[in-house]
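Engineer: sequence isn't available, so here's the structure alone:
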């Protein structure tokens, strides 16, 4: 589903200086996009705005035609659970829950996403684990904290993908991984997407990731001028 | 609530099982303490209010109900006027009256009061024990110079049947000793939970006998046990009880009393010749007549009398002396409150360390109010666990301590286990735990709204 941003403006009331302005951004369904920028450039703020945790002062953020900026807090939380998957830099998982329980948590607050499942939850989790090169038999019941960092990030990817949310957001998801694990993570994450429907937006400072994505946008370009076409790599 | 959220809740609790277990055990102990205190209080009160459950009326010279009971049952305060033999006989002769048991007070033994009465006292007055015998050792007094001691007396002074004891004139330590006529302990009462645990019981005849040769608290002549054991012969030349009337009157009453020898229950009381009592207990053939008999006694013309219905007045006295118990109860409530406060503190600490977890759940679509709900659900769960465990503990400990409670509190209750009236506390603990959980929950709410889905580490 298409992600569309128009004239988004946000400033932190308390911290005084920092503000963010995104004149325009459109990501069509099935697009994978890398947003490049150094830390402190407003990437996290932008992600929080897209996830609906921060509320824009002005402008419009629409996913699948629904304007998130109009939603109340509780409705936004429900919308996020249903339509958005999220992957952190690290420490994505609840350490004392098993791998399977962590993945299932992706559906805990999203009844519609759960309703979309076409097979039993157990089978779907096994399927995602296999697709993300996680041994469903050996690792499924392990507490998440026992897994390696690379494995943990792939579990996080599985959790973000389960139930096929319209938008998957990832905040520096490979920053804690070595090169081999980074490669594997993105290969499997992108392969796990529904290329007809889902939008993937990854925020990173690492330009080496660029070749994997349909679109690469620099943070300064995003905030300066209208980006509609974008540069395809 | 769906399966994933339940899993989350269960996992979160299991993850902190040790610290949560400690707080649950602590709260359970506090609950058990409260229930235990309440239970002991209830048993003590029941035991107290049943002190003379066999008695329908307590009769003494006109006075206040509380004062009369305090004096006759608890041995506190001074006696009012005495009640003459004639009056006792008249009341005993009323058609509704089944029996009377005389009460003669005023002496003591090493700080414990002495009560002169009749052997019927043991059958009629003391509540019949639900388990075991009324006498822990020996039996009722039979000879004049025999005594029965209450459980506290026996315990404090180490008395067993056969021991010799000397009574003292008056209630203080300064009274002169009746050491010319030592008594032999003939029975030790099992604990009854009544004031009689702290009483030395002798016959009215014995009270009369030891006061022969006394006047106004002064001993005028000594007697030997041999003289006393034949009361009728010795009696003729003796002086009288300190409080009593003239010789002439006394003789008159003696004769009068002789005429009533046929009376079944009361003749025993005056057989020794004590012609005035501090009061007497009355039992009716039918308890429902109690108010009428009470009024008839109050209207008795020869002497001004008051008849007290013990249950009501004992409840009034409990209101006064039950203050200490209420204080104990307040302390145990305070303990519960402190434990809940500790639970709050612990939850605050744990939610502070769970910010990351909360941010993840927020990113997954949990609203701040859902997270608050999770915290409150935890508090609820802990409170339920602690309550169930606490009640179990209270019942278990009471069951184990039943023997000890019986010996400590007395014989009245059929069971020493806590009942529903004590367990009602749980109905307050659960909402209290929710309130205690509200503090960390609201803090968490504020925090998660600030943090959003990002936690700076």
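Structural biologist: Thanks, I have the structure now. Not measured: the values here are computed from a predicted model. Residues are numbered from 1 along each chain as shown, chains lettered A, B, ... in the order given.
Engineer: residues near the closest residue to chain A within the stretch 151-300 of chain B, how many?
Structural biologist: Using Cβ to the nearest Cβ, residue B:193 is the residue of the stretch 151-300 of chain B that sits closest to chain A, at 53.3 Å. To be clear about C-beta, it is placed using only N, CA and C from the backbone, and glycine gets the same treatment. Look at residue B:193: counted by other Cβ atoms under 10 Å in any protein chain shown, it has 24 neighbours.
Engineer: wait, a strand at it?
Structural biologist: No. Per DSSP: H, G, I helix; E, B strand; the rest coil, residue B:193 lies outside any strand segment and is coil.
Engineer: hmm, the helix or strand containing residue B:6 in reach of chain A?
Structural biologist: Assigned by DSSP states H and E, residue B:6 belongs to helix B:3-15. Yes. Against chain A, helix B:3-15 shows contacts by Cβ under 8 Å from any Cβ of the partner chain at B:3-5, B:7-8, B:11-12, B:14-15.
Engineer: any idea which helix or strand comes after the helix or strand harbouring residue B:283?
Structural biologist: Using DSSP H and E, residue B:283 sits in strand B:279-284. Using DSSP H and E, the next helix or strand after strand B:279-284 towards the C-terminus is helix B:290-298.
Engineer: count of residues packed around the residue of chain B found nearest chain A?
Structural biologist: Chain B approaches chain A most closely through residue B:365 (1.7 Å), counting by Cβ to the nearest Cβ. A count of nearby residues for residue B:365, using other Cβ under 10 Å, gives 29.
Engineer: sorry, back to before: helices or strands up against the strand holding residue B:283?
Structural biologist: strand B:57-61, helix B:65-72, helix B:85-92, strand B:97-109, helix B:120-124, helix B:290-298 (3 or more Cβ pairs under 8 Å, 6 or more residues apart in numbering or on different chains; DSSP states H and E).
Engineer: wait, residue B:347 sits on residue B:440?
Structural biologist: Yes. Between residue B:347 and residue B:440 there is a contact at 4.0 Å, judged by Cβ atoms under 8 Å.
Engineer: who touches both of the two?
Structural biologist: Common neighbours of residue B:347 and residue B:440 (criterion: Cβ atoms under 8 Å, 6 or more residues apart in numbering or on different chains): residue B:375.
Engineer: element containing residue A:169, please.
Structural biologist: Taking DSSP H and E as the definition, one finds residue A:169 inside strand A:167-171.
Engineer: so what touches that strand?
Structural biologist: A:1, A:3, A:43-44, A:47, A:50-51, A:63, A:83-89, A:160-161, A:189, A:193, A:198-203, B:454.
Engineer: quick check: next helix or strand after that strand?
Structural biologist: helix A:179-192.
Engineer: any weak-confidence spans in chain B?
Structural biologist: B:1, B:79, B:127-132, B:171-176, B:213-275, B:406-416, B:450-457 (pLDDT under 70).
Engineer: give me the number of residues near residue 205?
Structural biologist: If you meant another chain, say so; for now it's chain A. 14.
Engineer: oops, I was thinking of chain B
Structural biologist: With other Cβ under 10 Å as criterion, residue B:205 counts 24.
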